[in-house]
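Visitor: please find the sequence and the predicted model below.
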Amino acid sequence: MTATSPVQAVTDFGDLVSLPKLLARNVRSYGNKIAYREKEYGIWQEWTWAQAAKVIEELASGLMALGVQPGDHVAVVGRNRPALYWSLLAAGHIGAIPVPLYQDAVAEEMEYVLEHCGAKVVIAEDQEQVDKVVEVSERIHHLESVVYYDPRGLRGYDGERFLSFDELRRRGRGALADNTPKMQTIVDQSNFDDVCVMLYTSGTTGKPKGVVLSNRNIITTSANSAIFDHLTHKESTLAYLPMAWVGDFIFSVGQAMWCGFEINCPESAATMQTDMREIGPSYFFAPPRFFETLLTSVMIRMEDAGRLKRGMFHAFMKHARKVGPALLDGKPVSGWNRFVYKLGDILVYGPLKDALGLSRVRVGYTAGEAIGPEIFAFYRSLGINLKQLYGQTEASVFITQQPDGEVSDETVGVVSPGVELKIDERGEVFYRSPGAFEEYYKNADSTRDTKDPEGWVATGDAGFIDEKTGHLRILDRAKDVGKLSNGALFAPKYVENKLKFYPNILEAVVIGAERDMCTVMINIDLYALGNWAERNNIAYASYQELAGHERVYAMIKKHVEEVNESLAGDDMLSGCQIHRFLVLHKELDADDGELTRTRKVRRRVIEEKFHDLVTALYDGSKQVSTETEVTYEDGRKGSIKATLKIEDTKTLATQSAGAKGAAA
Amino acid sequence: MSSYVTPDGRTIGDVLLEVKNITLRFGGVEAIKDISFDVREGEIRAIIGPNGAGKSSMLNVINGFYHPQEGEIWFHGKKRRAMKPSQIARQGIARTFQNIALFKGMNTLDNIMTGCFTHMHTSLIEQAIWWGRAEREEYRYREKVEHIIDFLEIQAIRKTPVGALPYGLQKRVELARALAAEPKLLLLDEPMAGMNVEEKEDMCRFVLDVNAEFGTTIVLIEHDMGVVMDISDRVVVLDYGRKIGDGVPDEVRSNQEVIDAYLGVPHD
């Protein structure tokens, strides 16, 4: 199965084949237009493309004066600030390779990356970052200079190695006359094949890998995705996601440079929400978690609002859920419904969007994880054009994305312009595109494993193309997807996500590979259920007691059966309906090795650790006694004993061949 | 002694403040008995001691809230005459309080702005009309306040009423207000009391940064010995109104009388 994009890719790039050349074009075409904004000292400071280009040239000349040669690596670490974006671009300006790093990386992680890429210069935001570099500096061999942007707390850091950002600019200005001709030659010769940036993947397994992306990768992807969403130089975005993440590089550097639109940097991570409201971005990306938290805070505030306001909110939101998405997709809506929606827009939706900073969003994206249908519907019903995309670092982000008017919470859209997609017999998704990475730096083996000689890149995700819509649906990591013993498709994460969309369910572990049916172990959300228990006068002394409560079981059972119902309507996945479930007596915890540090379920560990529970789920028993070892926060170990109930759930028959009939 | 440079690169200058033979009585109670010590320019000087040792009283003497019955205070090499606290504030001494003393109903920004008032020259009427000189003055001080907000990383609470803030942040706002007065000498009364470890570490960093960046001389009272020994250059130890120790942290740590005071040896 292969697919190509419905949208024509950009083919003619003229001389816009590198970031320095794009910068020169932006100075020519948009010289006096705002390019960067950063809130500092309570005021939005602004820089035009021409001003930014001047600083970038000075920095580039300064780096040259520090001895940075074309092909050297320059690491940049800190939060999103114009100065650091300029540092990235300055490195590219003299043919060096910028390497943005995660600012929350601990010193050892930084050591690995700095040593691996052999960075000659590190441009760090502040003392916190400089200290990490200093801590590991004896073990990294190529580092020559450390440049810091915020001098605070760095007075004692004298010597050859350390210099401030301003000092770097000053030296660059001084050497500008000498360096300009050299820089101009480098810029003139820069082309599509030059390395544009190197980004380290976070590496859930093993050491991080340096993904080498060329100018071709970044610029064609930026251009194609800009065409897809009709982005222009008038867009405005908020740069707040980690600079080391490929998404930020594409949105805040690639697309911003290609289109010439403006980047706004918040004052600090904590002020992001208020800064966003002041800016009102027109193009916005956030992970599902962001939208979820925002929705929760809206709901909580509405519960505290006066009766009139609350009543209005709920009444109009009900109407919005009914007609909002249809209006957004340009489907026919009756005159009266349009009128009521308009009224709602004046009274509720407009003010709400304004308060959230989303009133000007023309194109909004979410990706990275599955987004709950409720959450997705909430924003779309307000008239916010929130869409999903599917991508990865190796693809320079875009593999598929949803076109306006063809949006769904279940799919991740059609193939992006210029991308070819195929799905192999095992269900794994492969793509080939001009955005596909060049190589993993100093890691030919991994490069070979991921990208074949014809240019097809394995995503590691399993999915399929929905025949009705032509959209891609991602099921799970390919290695987790399996089969039930009757041959039906088994995609645990897909089902777990559906369960986790219920606020009462914190975590779920679906079991079923090579077995005759699916079962699940569930973790309740103590915060949500504790709140519910309080409101319903349900007394409980411990997590364990609440988890085993009759009414909690009844509630979870209802959720599971609803999920079964939605799975039954799905030909491919109806075999994944849950037949039996239990509620775990302890919260799955990274300290006990049950989750990774990024809170991903470690299936094998859990199935092994709770093997008695798994057995009980399959031998038909009504309850099971167990003893589990736990690790306390101070590292001591203890154990908890519990007797857990196991309940059967209703499953539904479907026309699908692999599915079994109602079992319970 | 003349000035010298510490191992971490700060310059410690001449004596900035000297208290000589101070005795403070409340009726029959002698809160402070004949205490003398000095504070040098650029120094972080800690005052420690058990409860009721007279530490806060000492700060109140330095900032002119209490007038000692005996003794002299020398500031900038001159003997200080009896003054009101407001006059002393104008001389460049600012402080924070053990129990936070902010305007709870006002937001962070306004609270910090009040710290600038000692330096403002326009009259009440000018400020009420807010025109010309008063407007320019406010802009100037607002800029200064914004730098302090940036320095203490409290941008996110700029417009939040102080009463709604958690304790640790209120402490930080109080420090910000004290800094807004551009003090030469900053008195901190238990800046880390009631904080968790993380908040304490933050506060330590801010105290050190204030000292290093603005060259502000700091006198602080603190109960957390780890903090005191870590960040101060010299320590004065008080017990029942008497001075029982004075010196660099290591000296004080090994002083038998200090150990006794902290471990609680019976007094006769």
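Guide: Here it is on my side, so go on.
Visitor: which residues does residue A:581 form beta bridges with?
Guide: In this entry, residue A:581 is beta-bridged to residue A:520, residue A:647, by DSSP bridges.
Visitor: quick one: it from chain B, how far?
Guide: 39 Å (C-beta to the nearest C-beta, to the nearest Å). C-beta here means a position set from N, CA and C on the backbone, and glycine is covered the same way.
Visitor: and that residue, how many neighbours does it have?
Guide: Residue A:581 has 25 neighbours, counted by other C-beta atoms under 10 Å in any protein chain shown.
Visitor: contact partners for it?
Guide: By C-beta atoms under 8 Å, 6 or more residues apart in numbering or on different chains, the contact set of residue A:581 is A:519-522, A:556-557, A:560, A:617, A:646-647, A:649.
Visitor: try 7 Å
Guide: For residue A:581, the contacting residues are A:519-520, A:522, A:556, A:560, A:647, A:649, by C-beta atoms under 7 Å, 6 or more residues apart in numbering or on different chains.
Visitor: around chain B, which positions in chain A sit nearby?
Guide: Proximity of chain A to chain B, by C-beta under 7 Å from any C-beta of the partner chain, involves residues A:40-42, A:152-153, A:155-156, A:267-268, A:270-271.
Visitor: buried among the residues you listed? Need that as a selection in PyMOL.
Guide: The following PyMOL line selects those of the residues of chain A next to chain B that are buried, judged by 16 or more other C-beta atoms under 10 Å in any protein chain shown:
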select buried, chain A and resi 40+41+42+153+267+268+271
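Visitor: and residue B:198, which of the three is it?
Guide: helix (DSSP: H, G, I helix; E, B strand; the rest coil).
Visitor: okay, now the unreliable bits of chain B?
Guide: B:1-2, B:263-268 (pLDDT under 70).
Visitor: what parts of it come near chain A?
Guide: Contact residues (C-beta under 7 Å from any C-beta) of chain B with chain A: B:8-9, B:143, B:146-147, B:150, B:153, B:155-156, B:158, B:209, B:212-213.
Visitor: most neighbours out of those, which is it?
Guide: The residue in the residues of chain B next to chain A with the most neighbours, by other C-beta under 10 Å, is residue B:155 (22 neighbours).
Visitor: ok, now which ones touch that one?
Guide: Counting by C-beta under 7 Å, 6+ apart, residue B:155 makes contact with A:267-268, A:271, B:149.
Visitor: go again with 10 Å.
Guide: Each residue near residue B:155 by C-beta atoms under 10 Å, 6 or more residues apart in numbering or on different chains is listed here: A:39-42, A:266-271, A:274-275, B:108, B:146, B:149.
Visitor: so which of those residues belong to helices?
Guide: Taking DSSP state H, the ones among those that sit in helices are A:274-275, B:108, B:146, B:149.
Visitor: ok, the closest residue to chain B within the stretch 51-200 of chain A to residue B:208 distance?
Guide: Closest to chain B within the stretch 51-200 of chain A is residue A:156: 4.0 Å, counting by C-beta to the nearest C-beta. As judged by C-beta to C-beta, to the nearest Å, residue A:156 and residue B:208 stand 11 Å apart.
Visitor: do residue A:68 as well
Guide: Taken as C-beta to C-beta, the span from residue A:68 to residue B:208 is 33 Å.
Visitor: now, which of the residues of chain B next to chain A sits nearest residue B:168?
Guide: residue B:153 (12.1 Å; C-beta to C-beta).
Visitor: got the contact list for the residue lying closest to that closest one once chain neighbours are set aside?
Guide: Spatial nearest neighbour of residue B:153, chain neighbours left out: residue A:268 (6.7 Å); criterion: C-beta to C-beta, 6 or more residues apart in numbering or on different chains. Going by C-beta under 10 Å, 6+ apart, residue A:268 touches A:39-40, A:79, A:275, B:150, B:153-156.
Visitor: how about 8 Å then?
Guide: By C-beta under 8 Å, 6+ apart, residue A:268 lies in contact with A:79, B:153, B:155-156.
Visitor: how's chain A carved up into domains?
Guide: The record's domain parsing of chain A by automatic domain parsing lists A:1-15+A:224-243+A:260-437+A:451-475, A:482-648.
Visitor: any idea which of the ones you listed scores lowest on pLDDT?
Guide: Mean pLDDT values for those show the minimum at domain A:482-648, a mean of 88.
Visitor: which parts of the stretch 1-150 of chain B are strands?
Guide: Counting by DSSP state E, counting those that start in this stretch, the stretch 1-150 of chain B has strands at residues B:4-5, B:11-12, B:15-26, B:29-40, B:44-48, B:70-75, B:78-79, B:93-96.
Visitor: can you say which of those strands is packed in most?
Guide: Stretch with highest mean neighbour count among the strands of the stretch 1-150 of chain B: strand B:44-48 (a mean of 25; mean count of other C-beta atoms under 10 Å in any protein chain shown).
Visitor: so what does that one touch, helix or strand wise?
Guide: The helices and strands touching strand B:44-48, judged by 3 or more C-beta pairs under 8 Å, 6 or more residues apart in numbering or on different chains; DSSP states H and E, are helix B:55-62, helix B:197-214, strand B:217-221, helix B:225-231, strand B:234-239.
Visitor: how about whichever helix or strand residue A:317 is part of: buried residues?
Guide: Using DSSP states H and E, residue A:317 maps to helix A:307-328. Buried residues in helix A:307-328, defined by neighbour count with 16+ other C-beta under 10 Å: A:312-313, A:316-317, A:319-320, A:323-325, A:327-328.
Visitor: for it, C-alpha coordinates in PDB please.
Guide: Output in PDB follows, covering the C-alpha atoms of helix A:307-328 (Å, rounded to 0.1, in the frame of the first residue of the first chain):
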ATOM      1  CA  ARG A 307     -24.700  30.900  37.900                       C
ATOM      2  CA  LEU A 308     -25.500  33.100  35.000                       C
ATOM      3  CA  LYS A 309     -22.100  32.800  33.400                       C
ATOM      4  CA  ARG A 310     -21.900  29.100  34.000                       C
ATOM      5  CA  GLY A 311     -25.400  28.500  32.600                       C
ATOM      6  CA  MET A 312     -24.500  30.500  29.500                       C
ATOM      7  CA  PHE A 313     -21.200  28.700  29.100                       C
ATOM      8  CA  HIS A 314     -22.800  25.300  29.200                       C
ATOM      9  CA  ALA A 315     -25.800  26.200  27.000                       C
ATOM     10  CA  PHE A 316     -23.700  27.700  24.300                       C
ATOM     11  CA  MET A 317     -21.000  25.100  24.500                       C
ATOM     12  CA  LYS A 318     -23.700  22.500  23.900                       C
ATOM     13  CA  HIS A 319     -24.700  24.300  20.800                       C
ATOM     14  CA  ALA A 320     -21.100  24.800  19.700                       C
ATOM     15  CA  ARG A 321     -20.400  21.000  19.900                       C
ATOM     16  CA  LYS A 322     -23.400  20.500  17.700                       C
ATOM     17  CA  VAL A 323     -22.600  23.000  14.900                       C
ATOM     18  CA  GLY A 324     -19.100  24.400  15.500                       C
ATOM     19  CA  PRO A 325     -17.100  21.600  13.800                       C
ATOM     20  CA  ALA A 326     -19.500  21.600  10.900                       C
ATOM     21  CA  LEU A 327     -19.100  25.300  10.400                       C
ATOM     22  CA  LEU A 328     -15.300  25.000  10.600                       C
END
